[in-house]
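Asks: pasting the sequence and the predicted coordinates here, then a few questions.
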Amino acid sequence: MNVESETSERIGRPAAELRAYLEKVMPRYRAEWGTDHSFEAALAWQRLLADGGWAAPSWPKWAGGRGLGVVDRVQCDAELARVGAPVPAGILGINNVGPALIMFGTEEQRASLPRILSGEEIWCQGFSEPGAGSDLAGLSTRAEITEDGFVVNGQKVWTSQGMQATHIMLLVRTDPDAPKHKGISVLLVPMDSPGIERRPLRQITGESEFAEVFFTDVRVPRSALLGELNDGWRVTMATLGFERSGVISMAASLQRDVEAIVRELRIEDPLLRDEVVRRWMDARVTGLLGARALAAIGEGGNPGAAQSVIKLAWSQTTAALGETMLKLQGANGLLADNPAAYRFLRSRSATIAAGTTEIVKNILAEQVLGLPKG
C-alpha cells in the first residue's frame, strides 16, 4: 500500500527559518542523545530551541517569542514533526502557563518567562483532583486567606510532569460560600515549598508521567496570586483555551503519522487492509478538518466549534489506530517491548487528554446542536 502525502511544501518565512535552524542543530542533538526519550534529553532539546529563539515562537517578542500567528505556528509545528523533534521538557510551561502569565501576570510573575523558555523552571498544572476531574469547578483544595497570603490544604492528582516540576500553577478554592465557579483563585507555587509532597503514579506503560500532589498547611505569599482573587475560573478557561488551540497541529500530525505508516505497509489479509484504509480515511478527514480551521483563522475568522470537532475526531482516530497497529503485529503484539504494544497502551489516554471525549460531546451537543442539558 503506497499513499503519498498531499501536504504542500509551500511554507512561510518563519517555518523556512526554523527549517534552516533544525538542519543545523538536529544532527548535533541526535549525535549526543540519539533516540533517548528521557526527561534530560527533552530538556537538552528545549535548550537548543531556546538558544535559537524557537522554544515558544507564538509568544510576543517582548516575552522572548517571535509573535507568530496560528498559521505560522502550525507550519512550525509541522517542521518540528518532519524531523522527529522531541517534545520540549517544559511543554506545559511553554504552551499553558507562559501564555497565562503574559495575559494575567504581574511584572514580578512575568520574570519567570525567560526561565520557562530555557527550562530552568519546569511548570505543572494543579487542576484535577480525586473528586474533580472533568468537573473541574468541583475542586475542594482550599486556600485560607491570611494577612500576608494563603495557607493551602488539599490534593491534586494526574498532575502531568508533577515529579519533575519546579513550580505549579495551582487552582484553589478561596471562597467556599460562593458559587463553585466564582470562589476559585490561581496561585503560582514553588514545588519545594514546605508542606508539599508528591508521589509518582505508575501508568499501564510502566512510566510515571503523572504525580499526585499533597498540600498540608502550605504557606503562599499574596504575590503568588495570578489574576484577581476569586477570578481563577476566567484564568483557568484562558489557560485551557491555549491547550485546546493546539488541536489543529494535533490533527495535522496525526495525518502525517498515519500516511507514513501506510506508506511502509504490505498487507495480505483483506480484512486488515480494509481496517487500515479506514484508519487512513479517519486521519485524512481529521487533517482536512484541521486545515479548514486553519484556513478560517488565516482569513481572520474564528473556527468556533470546529476545534471541538477536531478534538473528538483526533481522540477517536488515535484510539482506533492503536488497536489496528496492534492487530497488524499478530502474536508479536503481545511482547512487552513491541512498539505497537506501547502505542496501543498509550492510545488509551487519547480520549482523556486535553478534554475528555464525554465533555467534548456535551459541548457539541449543547453549544452546536442546541440540545438540552441532561
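Replies: Cool, got the structure. Numbering: from 1, shown residues only.

Asks: mind listing what's buried along stretch 324-331?
Replies: 324-329 (16 or more other C-beta atoms under 10 Å). (Each C-beta comes from the backbone N, C-alpha and C, glycine too.)

Asks: just the CA atoms of that stretch, as CSV, please.
Replies: Extracted in CSV, the C-alpha atoms of stretch 324-331 (Å, rounded to 0.1, in the frame of the first residue of the first chain):
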residue,chain,number,x,y,z
THR,A,324,-5.2,-1.5,14.4
MET,A,325,-1.4,-1.3,14.8
LEU,A,326,-1.6,-4.0,17.5
LYS,A,327,-3.6,-6.3,15.2
LEU,A,328,-1.1,-5.9,12.4
GLN,A,329,1.6,-7.4,14.7
GLY,A,330,-0.3,-10.6,15.4
ALA,A,331,1.2,-12.7,18.2
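
Asks: now, which of the buried residues of stretch 324-331 sits nearest L80?
Replies: The shortest gap between L80 and any of those belongs to M325, at 22.7 Å (C-beta to C-beta).

Asks: coming back round to it: can you list the buried residues of stretch 324-331 in a markdown table and add pLDDT?
Replies: Below are those laid out as a markdown table (pLDDT from 0 to 100):
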| residue | pLDDT |
| --- | --- |
| T324 | 88 |
| M325 | 87 |
| L326 | 88 |
| K327 | 88 |
| L328 | 85 |
| Q329 | 85 |
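
Asks: helix, strand or coil for V186?
Replies: Per DSSP: H, G, I helix; E, B strand; the rest coil, the local secondary structure of V186 is strand.

Asks: actually A291, not the one I wrote
Replies: Here A291 is recorded as helix under three-state DSSP.

Asks: out of the buried residues of stretch 324-331, which is nearest to A20?
Replies: M325 (33.8 Å).

Asks: quick one: contacts for that closest one?
Replies: Going by C-beta atoms under 8 Å, 6 or more residues apart in numbering, M325 touches 261, 340, 343-344.

Asks: swap the cut-off to 6 Å and go again
Replies: By C-beta atoms under 6 Å, 6 or more residues apart in numbering, the residues touching M325 are 340, 343.

Asks: please identify the helix or strand for it.
Replies: Using DSSP states H and E, M325 sits in helix 306-329.

Asks: list the buried residues of that helix.
Replies: Applying a neighbour-count criterion of 16+ other C-beta under 10 Å, one finds 306-315, 317-329 buried in helix 306-329.

Asks: just flag the most distant two among the buried residues of stretch 324-331.
Replies: Across the buried residues of stretch 324-331, the longest distance by C-beta to C-beta is 10.2 Å; it joins T324 and Q329.

Asks: pull the number of nearby residues for G246.
Replies: If you count neighbours by other C-beta atoms under 10 Å, G246 ends up with 20.

Asks: ditto for the one 10 residues further on
Replies: The number of residues packed near R256 is 17, by other C-beta under 10 Å.

Asks: try A238
Replies: Counted with other C-beta under 10 Å, the neighbours of A238 add up to 15.

Asks: give the contact list for the nearest residue to T216 once chain neighbours are set aside.
Replies: Using C-beta to C-beta, 6 or more residues apart in numbering and skipping residues adjacent in sequence, the residue nearest T216 is G195, 4.6 Å away. G195 makes contact with 216-218 under the criterion C-beta under 6 Å, 6+ apart.

Asks: and with 8 Å instead?
Replies: Taking C-beta under 8 Å, 6+ apart, we find G195 in contact with 152, 215-219.

Asks: in strands only, show me those.
Replies: 152, 215-219 (DSSP state E).

Asks: pLDDT wise, what is I91 at?
Replies: Per-residue confidence (pLDDT) for I91: 92.

Asks: tell me how far it lies from C124.
Replies: To C124, I91 is 11 Å away according to C-beta to C-beta, to the nearest Å.

Asks: can you report how many residues neighbour A85?
Replies: When neighbours are defined as other C-beta under 10 Å, A85 has 19 of them.

Asks: any idea how far it is from E23?
Replies: A85 sits 12 Å away from E23, going by C-beta to C-beta.

Asks: what of E107?
Replies: For E107 relative to E23 (C-beta to C-beta), the value is 38 Å.

Asks: more neighbours, these two?
Replies: The neighbour count for E107 versus E23, taken as other C-beta under 10 Å, is higher for E23 (10 against 6).

Asks: please pull out the lowest mean pLDDT helix or strand from the chain.
Replies: Within the chain, no helix or strand scores below helix 232-244, which has a mean of 75 by mean pLDDT, DSSP states H and E.

Asks: which parts of the chain are helices?
Replies: Under the criterion DSSP state H, helices of the chain are mapped to 13-33, 39-51, 70-82, 91-92, 98-104, 107-110, 113-118, 232-244, 247-264, 270-298, 306-329, 339-347, 357-363.

Asks: worst average pLDDT in these?
Replies: Among the helices of the chain, helix 232-244 carries the lowest mean pLDDT, a mean of 75.

Asks: hmm, back to that, closest one of the buried residues of stretch 324-331 to Q367?
Replies: So of the buried residues of stretch 324-331, ranked by how close each gets to Q367 (C-beta to C-beta), first place is T324, at 31.7 Å.
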